[in-house]
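**Student:** sequence and predicted structure, then a few things I'm wondering about:
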Amino acid sequence: MFLIHTISPFYLKLVENLSTIYILQSAERIKEENKKQPFG
């Protein structure tokens, strides 16, 4: 269990960074789609 406790903060930070990157990429993709097909 000790190993998990030492890795945990690093792992959480990694997941946080990947989530942020994924959200930003998704936002960019949505913007591109909106340019092609404007709502309304």
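**Tutor:** Here it is on my side, so go on.
**Student:** could you use CA atoms for every contact and neighbour count after this?
**Tutor:** Noted.
**Student:** spatially central, which residue of this protein would that be?
**Tutor:** The residue lying closest to the centre of the chain (Cα atoms, centre = their mean) is residue 19, at 2.3 Å.
**Student:** what about that residue, which helix or strand?
**Tutor:** Element membership of residue 19, judged by DSSP states H and E, is helix 2-36.
**Student:** now find how far off-centre that helix is within its chain.
**Tutor:** From the chain centre to the centre of helix 2-36 is a distance of 2 Å (Cα atoms, centre = their mean, to the nearest Å).
**Student:** packing partners for that helix?
**Tutor:** For helix 2-36, not one helix or strand is in contact under the criterion 3 or more Cα pairs under 8 Å, 6 or more residues apart in numbering; DSSP states H and E.
**Student:** per-residue confidence at residue 40?
**Tutor:** pLDDT, residue 40: 56.
**Student:** residue 16 too?
**Tutor:** pLDDT for residue 16: 95.
**Student:** now swap in the one 4 residues further on and tell me
**Tutor:** pLDDT recorded at residue 20 is 96.
**Student:** contact partners for it?
**Tutor:** By Cα atoms under 8 Å, 6 or more residues apart in numbering, no residues touch residue 20.
**Student:** quick one: residue 17 from residue 31, how far?
**Tutor:** Residue 17 is 21 Å from residue 31, where distance means Cα to Cα, to the nearest Å.
**Student:** remind me which residues of this protein are low pLDDT?
**Tutor:** 1-6, 38-40 (pLDDT under 70).
**Student:** how close does residue 20 get to residue 36?
**Tutor:** Residue 20 is 25 Å from residue 36, by Cα to Cα.
**Student:** sorry, that was for residue 26
**Tutor:** When distance is defined by Cα to Cα, residue 26 is 16 Å away from residue 36.
**Student:** neighbour count winner among those two?
**Tutor:** Using other Cα atoms under 10 Å as the criterion, residue 26 and residue 36 rank with residue 26 on top: 12 against 8.
**Student:** show me the contacts for the more buried one.
**Tutor:** Residue 26 neighbours (Cα under 8 Å, 6+ apart): none.
**Student:** so how far is residue 20 from it?
**Tutor:** 10 Å.
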